[in-house]
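Trainee: build me a structure from this.
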Amino acid sequence: MGACPFCDVSEKTGFRVIWEDETFTAFRDRKPAAEQHIQVIPKKHIVSVRSLRKQDADFVKTMKSVGDRLLDDLDVPQSMRVMGFHIPPFNSINHLHLHVQGLPYKPMRKPKYTISSGFGPFYKGFGWFVTAEQTVKVLETGRTVGVLPC
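Mentor: Residues are numbered from 1 along each chain as shown. Purely as a prediction, here's the structure:
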C-alpha cells in the first residue's frame, strides 16, 4: 500500500489548494460532483469518519465551520449546501475528508451523496454518506459512525 495522497496535499503535488491553516487544508475536488465541490482535510492523518469518537465532535464542528466559511466566500446560500463524509468501505481515500458542496449537483452525481435520515434513537439511517451534522450528533451520544443506523 502506498503513501496517503492526502498527507501530502500541496500545489506542488497537483492539488488546487484554496485555504489552509495549521490544522486543516481545503482544496478543490478533482472530479466535482457539484457546482462547488471542496474537500476539507485535517493535516494530521485520521483514517476515516469511522475512526472518530465522542471527543472528536468539536473537531468535526470546526471542519464544518471551515466549509461554511468557504461556501460563504462563494456566496452559496445555506439551502444549497451539503457537507458530509463517505463511510468506509465506500470511500476512495483512507484519510478523513469532508465533502463541502455548493449545489446543484452535476448530472448523475447526486445518488453518490444520498442522505439517510435517522429514526427513533438514531441520527442517521442506513447509508454510506453521513452529513457533518449527523456525525456530530452521533459522536456526542458516544456512538460511532457506520453504514448501519447510528
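Trainee: residue contacts, the residue most central in space within the chain?
Mentor: Nearest to the mean C-alpha position of the chain, by Cα atoms, centre = their mean, lies residue 98 at 1.8 Å. Residue 98 is in contact with 39, 40, 41, 60, 63, 64, 67, 83, 84, 85, 132, counting by Cβ atoms under 8 Å, 6 or more residues apart in numbering. (Glycine included, C-beta is placed from N, CA and C.)
Trainee: next, it: phi, psi?
Mentor: phi -90, psi 120 (degrees, to the nearest 10).
Trainee: any regions of the protein where pLDDT drops low?
Mentor: For the chain, residues meeting the criterion pLDDT under 70 lie at 1-2.
Trainee: just give the number of residues close to the residue lying closest to residue 115 once chain neighbours are set aside.
Mentor: Closest residue to residue 115 apart from its sequence neighbours, by Cβ to Cβ, 6 or more residues apart in numbering: residue 131 at 5.8 Å. Close neighbours of residue 131, defined as other Cβ atoms under 10 Å, add up to 21.
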